[in-house]
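Trainee: Could you look at this predicted model? Sequence included:
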Amino acid sequence: MRSFVAIGMPDDVAETLWRVTRGLKAGRRVEPDAMHLTLAFLGDVAVQDLEDLNDGLEAMRVGSFEVRLLGLGTFGPGPRTLWAGVAASPELSAVQKKVLSVARAAGVIVERRRFVPHVTLARFREGEGGAVGDVLTQAGAFGLSPFRVEQVTLYASHLSPSGARYEVLAEYPLLG
């Protein structure tokens, strides 16, 4: 099952991010209820490994912490993705490393890549990315007040021609 572990966006944060992208004239905006900050993309994972991962995430003991969204940017040529950045945080880095450790202990092979925390706001097909400039200009020095992260979530990702649909498989409360 194609899956990932992430921090879901609170409703008010997701709605603000949605409003930031309202000026896009091309591309596919991410719906507010699908906005998240990926901690670990797991890819296709066997059911037994997901069960082991679930056990490990349930046993994970980390405290809640705050996250602040700061800045907008793009990935890829064209570009292909518009995102909201996340301010550096030792607590976020620690949780991300703990999730990776739990995943590897469960037998999940996780790609080794630099963690670039962000929330994807829109995706573009080739040639559509020129629409991003206006949003970046209008948003200016984008930043939101910090919000408290009180859980991480294991999601399944179902791909379709209209984009990915995410299903919550389990939620893991963080210690207060």
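Mentor: Yep, it's here.
Trainee: going forward, measure contacts and count neighbours with C-alpha atoms only.
Mentor: Will do.
Trainee: what sits against Val102?
Mentor: 53, 56-57, 60 (C-alpha atoms under 8 Å, 6 or more residues apart in numbering).
Trainee: Quick check: which element contains it?
Mentor: Counting by DSSP states H and E, the element that carries Val102 is helix 90-105.
Trainee: for this protein, what are the low-confidence residue spans?
Mentor: Along the chain, segments meeting pLDDT under 70 span 138-140.
Trainee: coming back round to it: select from the contacts of Val102 every entry located in helices.
Mentor: Using DSSP state H, the subset of these located in helices is 53, 56-57.
Trainee: Show me the strands in the protein, by range?
Mentor: Ranges of strands in the chain, per DSSP state E, are 2-8, 28-29, 36-44, 65-67, 69-75, 81-86, 118-123, 147-149, 151-158, 165-173.
Trainee: Quick one: closest of the ones you listed to Ala103.
Mentor: Nearest to Ala103 among the strands of the chain is strand 36-44; the distance by C-alpha to C-alpha comes to 8.1 Å.
Trainee: Buried ones in the closest one, by neighbour count?
Mentor: For strand 36-44, the neighbour count (16 or more other C-alpha atoms under 10 Å) marks 36-43 as buried.
Trainee: middle-most residue in this protein, spatially?
Mentor: Leu37 (2.3 Å; C-alpha atoms, centre = their mean).
Trainee: so Ala14 touches Leu37, yeah?
Mentor: No - between Ala14 and Leu37 there is no contact under C-alpha atoms under 8 Å: 11.3 Å.
Trainee: re earlier: buried ones only from the ones in helices among the contacts of Val102, please, as a PyMOL command.
Mentor: Only the buried entries of those go into this PyMOL selection, using 16+ other C-alpha under 10 Å:
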select buried, resi 53+56+57
